[in-house]
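> Just a sequence and a predicted model for now, questions to come.
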Amino acid sequence: MPNLLNVVDDRIRRVARREIRGQTQKTRRLTAQHRRDLAALKRQVAALARTVAFLEKQEQRRVASPPAPQEAKGVRFSARSVRAQRSRLGLSAKNFGRLVGVAGLTIYHWESGKVRPRAKQLAGLAAVRHLGKREARQRLEMMG
């Protein structure tokens, strides 16, 4: 009788192992597929991060570069308009000067009428003229 019991136990163990192996094989395949998918997604995220970093650098260069003096042709200067532009954007003279490409004190001198901007500076004023509050703040953030 003990011999029959051992034979049945062995048979049950073998059948159980076969069943478990069949079930775990599916899980292993799915796990391997998930790992491959995760690796592909990580590569894709890394590539997108590199692209975003490159584009941010390009945008910072574009924003930081002063406008060409040719843009200043036909642009008139008024101390009141500079003050109005700055107040419309809600910026300090320092930040407004950063957008235009001059110092904050220069903005104060322009607003008071003590000094007139040069052609290159007038081009900077003309470039800032059509900015909205959001875009001005975004450019300031990108400038650092």
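Great, that's in hand.
> give me the element L48 is part of.
With elements taken from DSSP states H and E, the one containing L48 is helix 2-64.
> Against which helices or strands is that helix packed?
Under the contact criterion of 3 or more CB pairs under 8 Å, 6 or more residues apart in numbering; DSSP states H and E, the helices and strands touching helix 2-64 comprise helix 133-143. Any C-beta I mention is one placed from the backbone N, CA and C, and that applies to glycine too.
> Buried residues of the helix it packs on, list them for me.
With burial defined by 16 or more other CB atoms under 10 Å, the residues of helix 133-143 counted as buried are A136, R137, R139, L140.
> thinking again about what came up before, just the angle between the helix holding L48 and helix 133-143, please?
Going by axes from the mean of the first three to the mean of the last three CA atoms, to 10 degrees, helix 2-64 is angled at 100 degrees with respect to helix 133-143.
> Quick check: next helix or strand after helix 2-64?
Sequence-wise, the next helix or strand downstream of helix 2-64 (DSSP H and E) is helix 79-89.
> And that following helix, what does it pack against?
Taking 3+ CB pairs under 8 Å, 6+ apart as the contact cut, helix 79-89 packs with helix 93-100, helix 104-112, helix 119-128, helix 133-143.
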